[in-house]
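> Got a sequence here, can you build the structure:
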Amino acid sequence: MRLLVVTQYFWPENFRINDLVAELARRGHDVTVLTGLPNYPEGAVFPQFKDNPEAFSRYEGAEVIRVPMLPRGNGGLRLMLNYFSFAASASLVGIWKLRGRHFDAVFAYEPSPITVGLPAAALRAVKRAPMAFWVLDLWPETLQAIGVVRSPAILRAVGKLVSFIYKRCDLILAQSNSFIPQIRKYAGADSRVEYFPSWAESLFDSVAVAPAEEVPHAPDSFNVMFAGNIGDAQDFPAILGAAERLKEYRHIRWLIVGDGRMASWVTEEIERRGLQHNVLMLGRHPVERMPAFFRHAQALLVSLKDEPIFAMTIPGKLQSYLVAGVPIMAMLNGEGAEVVSQGGAGITCAAGDQAALADCVLALSRMTEEERALMGHNAKALSLREFDRDTLIGRLESWLKTMSYGTSRPVESGRAK
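Take a look at the predicted model:
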């Protein structure tokens with residue numbers, strides 16, 4: 001198939017779409033990626049890209065076409081301009097750069113923002129190719145949950161934009177089963193929606209790597225590791241509250257690997273609360289390095305705020321955690337927590353409950369190595385059973401081959417609701 005992937009984020013930024021594009025190209029598909037300038041999460045275009053843009057024009061056999069856009073910078077206004085500048089540029093400059101090309105399908109990747117659907121819909125119309133839209137973040141609900149938008153009028157306007165985009169999709173992919181009714185609320189009851197969760201990149205299934213040297217040596221420590229975006233949705237106030245409650249337990253360390261808009265706040269809070277010994281900020285590292293950091297973890301922490309929208313979400317990092325075979329500490333509500341608890345892959349507590357998080361971490365630290373090893377084994381087995389990479393991408397291939405332009409008919413699916 002000739003596939004056009006539309007995504008605001010792409011290599012050298014670290015997102016799962018990189019792995020999907022590489023695998024589709026490896027399977028013999030002719031893949032073209034339409035994307036912007038790499039600037040996530042720092043907010044400035046990567047220096048290595050500015051020095052040599054041509055070095056980033058191909059990725060694992062796929063052609064990469066980039067359009068100009070305003071980098072994220074700092075602040076909410078700049079972020080909104082970043083979203084809309086990519087949408088406008090990809091819709092205009094992108095269509096021009098892709099003139100004369102034909103595609104069998106358009107695939108849009110939407111971790112956030114929803115505006116990536118605008119150029120995807122425009123290209124669907126111009127190229128007369130069916131479009132699949134992978135929803136990993138529900139708008140406008142997420143905007144409301146993290147307090148980015150509070151105006152009911154603006155939220156209604158965003159809802160109309162979501163409906164406009166969804167109704168132009170031939171296939172909508174939902175990262176959790178709980179997303180499906182919410183998607184159909186905007187897309188229509190007869191829309192074609194399929195359950196399509198994330199998976200773990202194969203590199204996470206590795207025990208042969210040496211432990212990361214960036215982690216200070218402490219042989220008797222119990223390490224709880226958080227890896228990923230340090231943002232408002234991850235509820236770091238509750239995480240730091242739990243760390244403060246366990247401050248006297250000097251062997252318990254919280255290792256934070258990543259970066260994000262709240263990273264500077266977290267750093268300041270660690271100092272203000274006197275948690276320098278307990279909570280270590282280890283910075284952002286390439287995704288390829290994560291298995292080396294995971295080697296230090298006795299538990300992997302995943303968290304989301306106590307909001308209804310996040311109870312519908314399976315956090316993307318969960319699949320990477322599971323395949324690593326390390327017990328999960330989940331401060332989640334809803335579907336994400338059910339995945340962990342029903343699979344026997346770790347311990348869960350309610351979202352936002354810092355006291356319960358502290359109690360659970362302490363309980364994990366007091367378990368025997370055999371008990372924790374069983375949780376890790378269950379985690380890996382769950383990953384293979386429910387989130388196998390080859391199975392999921394094969395399923396996507398089949399859907400893309402059977403899509404029909406301009407028809408969003410429902411299909412039978414054992415997982416869709």
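> element containing the residue in the chain sticking out farthest from the centre?
Most distant residue from the mean C-alpha position of the chain: residue 248, 33.8 Å away (CA atoms, centre = their mean). Per DSSP states H and E: residue 248 is located in neither a helix nor a strand.
> How about residue 101?
Counting by DSSP H and E, residue 101 is part of no helix or strand.
> Quick check: residue 277 touching residue 250?
Yes: contact criterion CB atoms under 8 Å: residue 277 and residue 250 qualify, at 6.7 Å. In this view, the C-beta of every residue, glycine as well, is placed from N, C-alpha and C.
> so what's the residue farthest from the centre of the chain up against?
When the contact criterion is CB atoms under 8 Å, 6 or more residues apart in numbering, residue 248 has no partners at all.
> Need the phi and psi values for it.
Residue 248 has phi and psi values of phi -70, psi -20 when expressed as degrees, to the nearest 10.
> What of residue 268?
Residue 268 adopts backbone torsions of phi -60, psi -40, taken as degrees, to the nearest 10.
> just residue 100 next, same as before
Dihedral pair for residue 100: phi 80, psi 0, per degrees, to the nearest 10.
> So in the chain, where's the weakest helix or strand by average pLDDT?
Lowest mean confidence among the helices and strands of the chain (mean pLDDT, DSSP states H and E): helix 141-145, at a mean of 83.
> What is the following helix or strand past it packed up against?
Sequence order places helix 152-166 as the next helix or strand after helix 141-145, per DSSP H and E. On a contact count with 3 or more CB pairs under 8 Å, 6 or more residues apart in numbering; DSSP states H and E, helix 152-166 meets helix 117-127, helix 141-145, helix 179-187.
> want to throw these into TSV with mean neighbour count?
What follows is the helices and strands packed on helix 152-166, written out as TSV (neighbours: other CB atoms under 10 Å):
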stretch	mean neighbour count
helix 117-127	22
helix 141-145	19
helix 179-187	20
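> Which of those has the lowest mean pLDDT?
Lowest mean pLDDT within those: helix 141-145, at a mean of 83.
> packing partners for that one?
In terms of contact count using 3+ CB pairs under 8 Å, 6+ apart, helix 141-145 is assigned the packing partners helix 152-166, helix 308-311.
> Go ahead and produce CSV holding the CA coordinates of that helix.
What follows is helix 141-145, C-alpha atoms only, in CSV (Å, rounded to 0.1, in the frame of the first residue of the first chain):
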residue,chain,number,x,y,z
GLU,A,141,-12.5,16.5,27.6
THR,A,142,-8.8,16.5,28.2
LEU,A,143,-8.6,20.3,27.8
GLN,A,144,-11.2,20.7,30.5
ALA,A,145,-9.6,18.0,32.8
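> what's in contact with that helix?
So helix 141-145 is in contact with 112, 149-150, 155, 158, 182, 233, 305, 307-310, going by CB under 8 Å, 6+ apart.
> Outline the domain layout of this protein.
2-199+388-402, 202-386 (automatic domain parsing).
> chain center to the first one, what's the gap?
In this case it means domain 2-199+388-402. 12 Å (CA atoms, centre = their mean, to the nearest Å).
> can you check the shortest one too?
Its chain's C-alpha centre and that of domain 202-386 lie 15 Å apart, by CA atoms, centre = their mean.
> Would you mind checking the average pLDDT for it?
For domain 202-386, mean pLDDT is 94.
> same question, stretch 17-28
Here the average pLDDT along stretch 17-28 is 97.
> Just the buried residues of it, please?
17-25 (16 or more other CB atoms under 10 Å).
> give the contact list for residue 166.
117, 133, 172, 183, 186-188, 191.
> just those now: which is nearest residue 37?
Lowest distance from residue 37 to those (CB to CB) belongs to residue 117, with 19.6 Å.
> How much space separates that closest one from residue 304?
23 Å (CB to CB, to the nearest Å).
> next one: residue 268
Distance from residue 268 to residue 304, by CB to CB: 22 Å.
> Tell me which of these two has more neighbours.
When neighbours are counted by other CB atoms under 10 Å, residue 268 and residue 304 differ, and residue 304 comes out ahead with 24 against 10.
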